[in-house]
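Chemist: Let me see the structure of the following:
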Amino acid sequence: LDKPTGGLVICAKTQRPLQKLSLAFQQRRIKKRYRALVSGRLKEGKGVIDTPMEGKETRTDFAVVAYFSPADLRDRWCVEASDRLPEGASLVDLWPQHG
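Modeler: This next block holds a predicted model:
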């Protein structure tokens, strides 16, 4: 993971769990979810991002979890966040489908 990123890394200790884990990802039984703090207030509560990236088709479903005003950011997050996000910010869950 990148330095400012938090998350869970799944590892297998032996070959058999690795095969099962790989199969679960291939069969899409494991769902990836990302959470992002996005500048401004998103107008839609749910939606799809399907803008091609590096010439490849992509699809990511998203849902707005919460909106934070600049005052909320200052009180709940940090003063630096409120300074960098004068329009407030939306907390968003993202589920990449492919791409």
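Chemist: Helix or strand: which one has the nearest residue to residue 95 once chain neighbours are set aside?
Modeler: Nearest residue to residue 95 in three dimensions, chain neighbours excluded: residue 61, at 4.7 Å (C-beta to C-beta, 6 or more residues apart in numbering). C-betas here are computed from N, CA, C, even on glycine. Using DSSP states H and E, residue 61 sits within strand 59-68.
Chemist: List the strands paired with that strand, with their directions.
Modeler: In the sheet containing strand 59-68, its partner strands are strand 46-49 (antiparallel), strand 89-98 (antiparallel), by DSSP bridges.
Chemist: Could you pick out the longest helix of the protein?
Modeler: Identified as the longest helix of the chain according to DSSP state H is helix 15-26.
Chemist: now stretch 28-39, how far from the chain's geometric center?
Modeler: Offset of stretch 28-39 from its chain centre (C-alpha atoms, centre = their mean, to the nearest Å): 4 Å.
Chemist: mean confidence score for that stretch?
Modeler: Averaged across stretch 28-39, the pLDDT comes to 87.
Chemist: So what touches that stretch?
Modeler: Identification of contacts with stretch 28-39 by C-beta atoms under 8 Å, 6 or more residues apart in numbering yields 21, 24, 65, 68, 81, 85, 87, 89-96.
Chemist: What about those residues, which one has the most neighbours?
Modeler: Neighbour counts for the contacts of stretch 28-39 peak at residue 89, which has 25 neighbours (criterion: other C-beta atoms under 10 Å).
Chemist: who's that one bridged to?
Modeler: residue 39, residue 68.
Chemist: quick one: low-confidence parts of the chain?
Modeler: Applying pLDDT under 70 to the chain flags the ranges 1-5, 79, 99.
Chemist: please redo it, this time with the cut-off set to 80
Modeler: Judged by pLDDT under 80, the chain has its weakly predicted residues at 1-8, 44, 77-82, 98-99.
Chemist: Geometrically speaking, which residue is the centre of it?
Modeler: The structure's the chain has its C-alpha centroid closest to residue 34; by C-alpha atoms, centre = their mean the separation is 2.3 Å.
Chemist: Can you read off the backbone torsions of that residue?
Modeler: Phi and psi for residue 34, reported as degrees, to the nearest 10, are phi -110, psi 150.
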